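1. Quick one, fold the following:
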Amino acid sequence: MTTWLTSDSHHRWLEQETDRLLSFGRYAQDPRGGFGYLDADGRIDASRDVELWITCRMTHVYALGSMMGRPGAAAYVDHGVDSLLGRLRDEEHGGWFAAIGADGPTNTAKEAYGHAFVILAAASATAAGRPGAAALLDQAVAVHTERFWDDEAGMSRESFNRDWSEEEQYRGVNANMHTVEAYLAASDVLGDRELLDRAARIVTRVVDVYGRDNEWRLPEHFDLDWNPRLDYNEDEPAHPFRPYGATVGHALEWSRLTLQAASSLQQTGRATPEWMVPAARDLYAAAIRDGWNVDGQPGFVYTTDWEGAPVVRERMHWVAAEAVGAAAVLWRTTRAAEYAEQYQQWWDYIGEHLIDLDKGSWHHELSTSNEPSATVWPGKPDIYHALQATLLPRLPASPALAASLAAGNLGKA
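-> Numbers count the residues shown, from 1 in each chain. Predicted coordinates:
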């Protein structure tokens with residue numbers, strides 16, 4: 001069938017959008033180290049500290065740009081790697097600070113979310129062949145293995161204080177989702193099948209247990225024994241990292257990661273569990289059912305309650321980006337026409353409402369009437385989700401993006 005996913009002209013547009021996003025992010029470098037939080041105009045928001053997760057995401061995307069032959073991208077990767085080996089690293093206690101300001105660390109917590117992104121950034125920089133990246137990746141995997149990986153649970157712990165002596169009394173699926181992403185990326189770069197097995201264990205528990213048991217509305221928050229806390233943050237439903245209820249975009253992201261894990265297991269000669277592809281389809285379908293156009297306006301709501309009713313109705317750009325990625329990988333896996341049709345539908349929405357042709361990048365948040373808003377995500381902090389949405393349709397389900405680019409897979413899916 002004819003579809004955008006196989007269209008050379010659409011792929012050329014995706015490449016142009018990749019370059020437009022990389023151009024927008026070029027002012028994010030903080031000369032003292034790391035990458036700053038970008039405002040709506042693409043300039044560093046001086047009121048915000050340099051944060052670990054943004055620094056890692058930007059290092060990752062410019063590593064991808066470097067491997068695509070974008071002149072100047074390598075300098076951004078090196079800047080990120082140097083910052084992660086220097087300014088953002090805790091030389092005394094190990095690991096990485098969550099945030100740092102002009103006079104030193106401003107958030108000394110050791111967070112699984114940020115540390116997963118250190119692995120991702122280091123893996124991508126290593127695939128790109130940048131100096132210091134391999135040593136950074138070894139450090140990042142070692143810290144995560146020692147401090148965060150809970151082998152008995154088959155999941156990642158959440159966070160600690162600076163010297164690792166106090167652990168937060170919380171477990172979260174968001175950090176585990178990005179741990180899956182990071183482990184898959186590092187496994188491909190290092191040839192470390194243990195990391196792939198860990199990723200598969202996380203996916204199994206989150207998707208095949210928690211997702212299946214909750215009608216594919218994924219619980220996000222847990223106690224230390226992994227009992228769901230379904231009322232967590234009910235009084236702060238629009239939290240940017242720990243919102244109340246089910247997060248529509250995470251179901252889409254887990255759908256894609258489940259398929260990536262399945263493909264990686266198959267490619268390495270491991271048995272792929274039969275539940276993986278059907279579960280990925282069910283997760284995606286539930287997210288579309290609960291999240292898309294449910295209040296009379298196009299777009300995905302941010303969160304729903306446990307019956308599927310919208311809670312936070314603002315539209316986040318990253319949810320639409322993840323819908324694109326999930327639809328693309330589902331189509332490549334199943335060749336079902338519905339995913340090709342929805343893939344085009346998601347891009348039409350993005351093109352009409354999210355892409356900012358005036359100031360660059362994508363609006364990170366829209367109101368229920370699809371006008372720019374800033375209740376959860378002011379500005380345009382980084383380009384990670386949007387840029388990945390321009391690459392996933394042009395690459396196979398696995399290996400991960402950086403390893404796939406290094407293998408010359410772009411445009412051959």
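2. who touches stretch 113-120?
-> With CB atoms under 8 Å, 6 or more residues apart in numbering as the test, stretch 113-120 has contacts from 51-53, 56-57, 60, 84, 95-96, 98, 136-137, 140-141, 143-144, 147-148, 156, 159, 172, 174-175, 178-179, 181-183, 185-186, 241. C-beta: built from backbone N, CA, C; applies to glycine.
3. which parts of that stretch are buried?
-> Using 16 or more other CB atoms under 10 Å as the test for burial, stretch 113-120 gives 113-120.
4. Mark which of those are part of helices, please.
-> Members of the buried residues of stretch 113-120 lying in helices (criterion: DSSP state H): 113-120.
5. hang on, the earlier thing: out of the buried residues of stretch 113-120, which is nearest to Trp4?
-> Leu120 (27.4 Å; CB to CB).
6. any idea which of the ones in helices among the buried residues of stretch 113-120 is closest to Ser369?
-> For these, the nearest to Ser369 is Tyr113 (31.4 Å; CB to CB).
7. what's the spacing between stretch 252-260 and its chain's center?
-> 11 Å (CA atoms, centre = their mean, to the nearest Å).
8. which residues are in contact with that stretch?
-> Stretch 252-260 has contacts (CB under 8 Å, 6+ apart) with 177, 180-181, 184, 203, 206-207, 211, 218, 276-277, 279-281, 283-284, 287, 319, 322-323, 325-326, 329-330, 333, 392, 397-398, 400.
9. go on, stretch 63-78?
-> Applying CB under 8 Å, 6+ apart, the contact partners of stretch 63-78 are 18-19, 22, 25-26, 29, 58-59, 62, 121, 124-125, 127-128, 130-133, 387, 391, 401-402, 405-406, 410.
10. Surely Trp362 and His353 touch.
-> No: look at Trp362 against His353 with CB atoms under 8 Å: they stay out of range, at 9.2 Å.
11. Pick out whichever of the two has more residues nearby.
-> Comparing Trp362 with His353 by neighbour count (other CB atoms under 10 Å), the higher total belongs to Trp362, at 25 against 20.
12. ok so, going back, sitting in strands, which of the contacts of stretch 113-120 do you find?
-> 51, 156, 159, 172 (DSSP state E).
13. Make TSV from these and add pLDDT, neighbour count and distance to Asp382 to it.
-> Shown next, in TSV, are those (pLDDT from 0 to 100; neighbours: other CB atoms under 10 Å; distance: CB to CB, whole Å):
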residue	pLDDT	neighbour count	distance to Asp382
Glu51	98	24	10
Ser156	98	27	22
Ser159	98	21	21
Gly172	98	24	20
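14. farthest pair in these?
-> Greatest spatial distance in the ones in strands among the contacts of stretch 113-120: Glu51 and Ser156, 19.2 Å, computed using CB to CB.
15. which element follows the biggest helix by length in the chain toward the C-terminus?
-> As assigned by DSSP H, the longest helix anywhere in the chain is helix 248-267. Downstream of helix 248-267, the next assigned helix or strand under DSSP states H and E is helix 276-291.
16. So which elements touch the helix or strand following that following helix?
-> Later in the chain than helix 276-291, the nearest helix or strand by DSSP H and E is strand 303-304. With contacts taken as 3 or more CB pairs under 8 Å, 6 or more residues apart in numbering; DSSP states H and E, strand 303-304 sits against strand 246-247.
17. Okay, now the sheet partners of the strand it packs on, with direction.
-> With DSSP bridges as the test, strand 246-247 is paired with strand 303-304 (antiparallel).
18. After the partner strand, which helix or strand is next?
-> strand 315-316.
19. Distance from that following strand to the middle of the chain?
-> On the basis of CA atoms, centre = their mean, strand 315-316 sits 15 Å off its chain's mean C-alpha point.
20. List the buried residues for the following helix or strand past it?
-> Scanning forward in sequence from strand 315-316 by DSSP H and E, the next helix or strand is helix 317-334. Neighbour counts over helix 317-334 (16+ other CB under 10 Å) mark 317-333 as buried.
21. next one: stretch 90-108
-> So stretch 90-108, judged by 16+ other CB under 10 Å, has buried residues 90, 94-100, 105, 107-108.
22. what's the straight distance from one end of it to the other?
-> Taking CA to CA, to the nearest Å, the first and last residues of stretch 90-108 lie 9 Å apart.
23. how far does it sit from the chain's center?
-> Remark: stretch 90-108 is offset 23 Å from the chain centroid, using CA atoms, centre = their mean.
24. do stretch 299-309 as well
-> With CA atoms, centre = their mean, you get 20 Å for stretch 299-309.
25. got it, and stretch 113-131?
-> In terms of CA atoms, centre = their mean, the centre of stretch 113-131 is set 13 Å apart from its chain centre.
26. what mean pLDDT does that stretch have?
-> In this model, stretch 113-131 has an average pLDDT of 99.
27. With only the CA atoms kept, save that stretch in PDB.
-> C-alpha atoms of stretch 113-131 as PDB (Å, rounded to 0.1, in the frame of the first residue of the first chain):
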ATOM      1  CA  TYR A 113      15.400   9.400  35.700                       C
ATOM      2  CA  GLY A 114      18.500  11.500  35.100                       C
ATOM      3  CA  HIS A 115      20.900   8.700  35.500                       C
ATOM      4  CA  ALA A 116      19.100   6.700  32.800                       C
ATOM      5  CA  PHE A 117      19.600   9.600  30.500                       C
ATOM      6  CA  VAL A 118      23.300   9.700  31.300                       C
ATOM      7  CA  ILE A 119      23.500   6.100  30.000                       C
ATOM      8  CA  LEU A 120      21.500   7.100  26.900                       C
ATOM      9  CA  ALA A 121      23.700  10.100  26.200                       C
ATOM     10  CA  ALA A 122      26.900   8.200  26.700                       C
ATOM     11  CA  ALA A 123      25.700   5.300  24.500                       C
ATOM     12  CA  SER A 124      24.800   7.600  21.700                       C
ATOM     13  CA  ALA A 125      28.100   9.600  22.000                       C
ATOM     14  CA  THR A 126      30.000   6.300  22.000                       C
ATOM     15  CA  ALA A 127      28.300   5.100  18.900                       C
ATOM     16  CA  ALA A 128      29.300   8.500  17.400                       C
ATOM     17  CA  GLY A 129      32.900   7.800  18.300                       C
ATOM     18  CA  ARG A 130      33.300  10.900  20.500                       C
ATOM     19  CA  PRO A 131      36.300  11.200  22.900                       C
END
